[in-house]
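J.: When you get a sec, could you give me coordinates for this:
(chains A and B)
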Amino acid sequence: MTDATVLIVDDEVGFVDAVAKRLGKRNMTVFKAFNGDEAMTQLTKNPNIQVVILDMKMPIKDGLTVLQEIKDAYPLVEVIMLTGHATVPTAIEGIQHGAYDYLMKPCDFGELNAKILEAVALKQDHEAEAVDARVSDIAHRMA
Amino acid sequence: MSSEKNVSYNKLSRNIALTIIAVSLAPLILVGGLIFDQFRSIYHEKVYAHLAELVDKHKHEIDTFLKEKLSEIQYLNKVFTYDQLSDPVFIEKTLKGLRQQYGRIFVDLGVIDENGKQVAYAGPLDLLGADYSQAEWYTESRDKTTYISDVFMGLRRSPHFIITINNMEKTPWTLRASIDFLAFSSIVENIRIGETGRAYILNQDGVYQTTPLNNHTISLDPAKSSIVPAAVRGVTIREGLDENDETYITVSSPMKNGEWTLVYQQHYADAFSAMTRSESVTLLIFLLGGCAIVATAILISRKLVIRLQSMDVESELMSKQIVETGKLAAIGELAAGIAHEINNPVAIMIEEAGWVSDLLDDEKGQITAAPEIDRALRQVRTQGQRCKDITHKLLSFARQSDSRVTEISLPSLIEEVVDISMQQAKYAKVDFSLNFDPNLPKITASTTELQQVLLNLVNNSIQAMEPVGGVLSIICTTSHGSALILVEDTGPGIPAANLNRIFDPFFTTKPVGKGSGLGLSICFGIIHQMGGEIEVESTVGKGTRFTLRFPLPHPMNQEPSKEKLHD
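T.: Numbers count the residues shown, from 1 in each chain, chains lettered A, B, ... in the order given. Prediction:
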């Protein structure tokens, strides 16, 4: 069991590779995607993905659109927005749409690490809540 | 270029002034001239009519006087006989009676026989037996019943004139009376108007019959002047020049059946003195009014053009400012684009370095150069971080390169500016001293513009202190309901002569090509647009202090915003 299952979405291949390698070394399962569509495919293929690191500025589909698609299809998956300075307002909008947090590029690796773990913990909480809710729902119905 | 402009401004000013003067003076002159002309001719007529009436009246008076005297003597002639009158006692009594009745007008009384010899005489002189047969008046009067002579000297050597009445009986005889010349003359001389108005009487040959002008003794020579009247009847008025080249008016009227002429003379200036006076008063008023109009026109046009000039300068400055702002915005956009593009490669470099150090951690034991590699990687990470800081600062400077008004926290804005200037300050050996009031409320202003202003002030201060270095202190506080930013340096200061010009556009003390002289004027424009104020104090050798004052929003609207953004 790894610490976290992460999907990195960025059009910068070099960046994705480097970050993936480093996160992999820190006991995380890392999936890579280089655009929004690939990200959705990866999410479908790997339902155990817990956290998505999503770049805001990508060709074809920008981060905000992808975020909305993810939140629609997988509401429990946490998303950390990755942004250049100029797209901070978009990132804030992203948070309003349910992203967990945002990080500024180039990001501090330690910070990224910590945020991923926090997000995972939050997701697990949410899942536990969801399970509890379902259990109590079932119990309620049985009663 | 500026002199060319000045010429055009001067031309404009002149044109405005001329137009005002022309429009206001032209009707004044026309109306004034018309009224003046009318007044003149009416006054002329009035004066002439007055003089004509005067002369006519006096002519009648004198004529009447002469007729009266004549009829008085005629009465004597009718009532008394030759025999009675030639009696010396009787004639003496008669003269006495005449004098009692009519005053001392009659000087003497005499009876002359057919041969021109005076046979009876009463009077002050001893003229009994005088022979008048050759006297001009006697020969002249021989064929007339009544006769009034011209003034002459006669036997008594003093001017007088004589009334004679001829009796055409079988032995003709003549009654004659002398009239006191002075008494007669005074009637005429009493006709006086003004200072120069005088009257006298001329006979047909132009000989004075009364004391002439400005002369108290009568000489019976013909008058030298050309005043010999031409008219036979009525009153004639003429204007002429006398020996002093002064215009005078001559009014003449024939009398005593055309034998004599009553002449009245008066200097033109004297006759029209009232008119001249009112004319000169009018002229004075006109001149003063004209001067006032001209002065006002010049003053108004000057003021107008000065106002126009300042408006032109303002608009010129404004357009310069717009160009400058546009340039700044373009540069900002470019910087933002570049910074953003640099972020990605820098991010990859940092991550790759991180990956190398991750790998190194596993192999530390086997590689002898591990500490050195570790150090190099750390250096790559540190420098990458610096790149990131720089691009972020650039971005934050370029962000919102418009004049949208937002709520700004002054301390963080100043810190950003200071961060940008830090490198320059380091080279100039300038230390920053920042002092912010922690309770400073936010102000509403345009971030970009305020950044521009502060950057300008900070850069100016740093440049001023450049070779020597010093302390640049920025204080941010509130006072009397406004936010204050003090930018104070320990530089060389600004000389008093330049101090009130530093906000002028294009004023610069920097060498040609180094400064546009626009920085502070743009600051001034921006601050004033915000409703704030900018002031400068400077002491040469001590330093310079710029004070920015911004109005704070009304306390009612001053909701301390709790949500703070990550940055």
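J.: show me the contacts for the most centrally placed residue in chain A.
T.: In chain A, the C-alpha nearest the mean C-alpha coordinate belongs to residue A:52, at 1.9 Å (CA atoms, centre = their mean). Listed by CB atoms under 8 Å, 6 or more residues apart in numbering or on different chains, the contact partners of residue A:52 are A:6, A:7, A:8, A:9, A:39, A:43, A:70, A:77, A:78, A:79, A:80. For glycine as for every other residue, the C-beta is placed from the backbone atoms N, C-alpha and C.
J.: now the closest residue to the last one other than its chain neighbours, which residues is it bridged with?
T.: The reference is to residue A:80. Using CB to CB, 6 or more residues apart in numbering or on different chains and skipping residues adjacent in sequence, the residue nearest residue A:80 is residue A:53, 5.1 Å away. Taking DSSP bridges, one obtains residue A:8, residue A:80 as the residues bridged to residue A:53.
J.: For chain A, which residues score under the pLDDT cut-off?
T.: Filtered on pLDDT under 70, chain A yields the residue ranges A:1, A:85-86.
J.: Relative to the whole chain's centre, how far out is whichever strand or helix holds residue B:288?
T.: Using DSSP states H and E, the element containing residue B:288 is helix B:273-363. The gap between the average C-alpha position of helix B:273-363 and the chain average comes to 36 Å, counting by CA atoms, centre = their mean, to the nearest Å.
J.: What are the contacting residues of the strand or helix carrying residue B:96?
T.: Applying DSSP H and E as the criterion places residue B:96 in helix B:88-102. Applying CB under 8 Å, 6+ apart, the set of residues contacting helix B:88-102 from outside is B:69, B:72, B:76, B:80, B:84-85, B:106, B:108-111, B:120-123, B:128, B:177.
J.: 7 Å - rerun?
T.: B:72, B:76, B:84, B:85, B:106, B:108, B:109, B:111, B:120, B:122, B:123 (CB atoms under 7 Å, 6 or more residues apart in numbering or on different chains).
J.: swap in stretch B:455-467?
T.: Looking at stretch B:455-467 with CB under 7 Å, 6+ apart, the contacting residues turn out to be B:417, B:420-421, B:424-425, B:428, B:430, B:472, B:487, B:489-492, B:519-520, B:523, B:544, B:546.
J.: Residue A:10 touches residue A:18, doesn't it?
T.: No. With contacts counted by CB atoms under 7 Å, residue A:10 stays clear of residue A:18, the gap being 10.6 Å.
J.: quick one: which of these two has more around it?
T.: Neighbours around residue A:10 and residue A:18, counted as other CB atoms under 10 Å in any protein chain shown, are more numerous at residue A:10. The numbers are 27 against 24.
J.: what residues are up against the more buried one?
T.: Residues in contact with residue A:10, defined by CB under 7 Å, 6+ apart, are A:16, A:55, A:82.
J.: Run through the contacts of stretch B:455-467 and flag the ones next to chain A.
T.: Applying CB under 7 Å from any CB of the partner chain to the contacts of stretch B:455-467, one finds that nothing falls near chain A.
J.: Just the ones in strands from these, please.
T.: With strands defined by DSSP state E, the entries of the contacts of stretch B:455-467 inside them are B:430, B:472, B:487, B:489, B:544, B:546.
J.: Verify the stated contact: residue B:73 with residue B:175.
T.: Yes. Checked against CB under 7 Å, the pair residue B:73 and residue B:175 is within contact range at 6.4 Å.
J.: Need the overlap of contacts for these two.
T.: residue B:165.
J.: just to revisit the earlier point, among the contacts of residue A:10, which are in strands?
T.: Using DSSP E, A:55, A:82 are the members of the contacts of residue A:10 that sit in strands.
J.: so can I have TSV of the contacts of helix B:88-102 showing secondary structure and distance to chain A?
T.: Formatted as TSV, the entries for those read as follows, by DSSP: H, G, I helix; E, B strand; the rest coil; distance: CB to the nearest CB, whole Å:
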residue	secondary structure	distance to chain A
B:72	helix	135
B:76	helix	142
B:84	helix	151
B:85	helix	148
B:106	strand	136
B:108	strand	140
B:109	strand	142
B:111	strand	148
B:120	strand	150
B:122	strand	145
B:123	coil	141
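J.: Residue 121: neighbour count?
T.: With no chain named, the answer covers chain A. The local packing of residue A:121 (other CB under 10 Å) involves 13 other residues.
J.: Hmm, no, I was thinking of chain B.
T.: If we define neighbours as other CB under 10 Å, then residue B:121 has 22 of them.
J.: Tell me who's in contact with it.
T.: Each residue near residue B:121 by CB under 7 Å, 6+ apart is listed here: B:108, B:110, B:127, B:128.
J.: ok, now with 6 Å
T.: B:110, B:127, B:128 (CB atoms under 6 Å, 6 or more residues apart in numbering or on different chains).
J.: Return the set of residues that bridge with the first one.
T.: Taking DSSP bridges as the rule, residue B:110 bridges to residue B:121, residue B:176.
J.: hmm, back to that, which of the contacts of residue A:10 come close to chain B?
T.: With CB under 6 Å from any CB of the partner chain as the criterion, no member of the contacts of residue A:10 is in contact with chain B.
J.: Please identify the helix or strand for residue B:372.
T.: Since the elements are taken from DSSP H and E, residue B:372 ends up inside helix B:370-398.
J.: elements contacting the following helix or strand past that helix?
T.: Proceeding C-terminally, helix B:370-398 gives way to strand B:405-408 as the next helix or strand, assigned by DSSP H and E. In this structure, strand B:405-408 makes packing contacts with strand B:443-446, judged by 3 or more CB pairs under 6 Å, 6 or more residues apart in numbering or on different chains; DSSP states H and E.
J.: if you average pLDDT over the next helix or strand along the chain from the strand it packs on, what comes out?
T.: Going down the chain from strand B:443-446, the next helix or strand is helix B:447-464, by DSSP H and E. Predicted confidence along helix B:447-464 averages 84 (mean pLDDT).
J.: This completes my enquiry, with thanks.
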